[in-house]
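Asker: heads up, no residue letters with this:
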């Protein structure tokens, strides 16, 4: 229903643009944060969160990884950080 309501309010073109952004962010999550056990979690989160929340969560995770100097190949800790931020954004 939320998708249909969005289409009614903004039109199909805007909906498709939004979905393309959502897909890009999911691809980023899978390429950079998937520890081999998080794929379905990230797929669900990409569907359930609004675009702004997803972007903010990815930005926060990236910043935290830089701040804590976590290595790029430490996917387990990167996944843990992003999951925590996504859970936190749901609680807000």
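Answerer: Arrived safely, thanks for sending. Predicted model, so just to flag it, every value in this text is computed and none were measured.

Asker: Tell me which residue is most central in the chain.
Answerer: residue 54 (4.1 Å; Cα atoms, centre = their mean).

Asker: Need the pLDDT of it.
Answerer: In this model, residue 54 is scored at 94, pLDDT.

Asker: and what of the one 4 residues further on?
Answerer: pLDDT, residue 58: 96.

Asker: Ok, the one 5 residues further on next?
Answerer: Residue 63 carries a pLDDT score of 97 in this model.

Asker: residues in contact with the residue nearest to the centre of the chain?
Answerer: Contacts here follow Cβ atoms under 8 Å, 6 or more residues apart in numbering; on that basis residue 54 touches 22, 25, 45-46. For glycine as for every other residue, the C-beta is placed from the backbone atoms N, C-alpha and C.

Asker: what residue ranges in the protein score low on pLDDT?
Answerer: Flagging of the chain using pLDDT under 70 yields the residue ranges 90-92.

Asker: At which residues are the helices of this structure located?
Answerer: Using DSSP state H, the helices of the chain run over 2-10, 12-33, 39-48, 51-67, 75-91.
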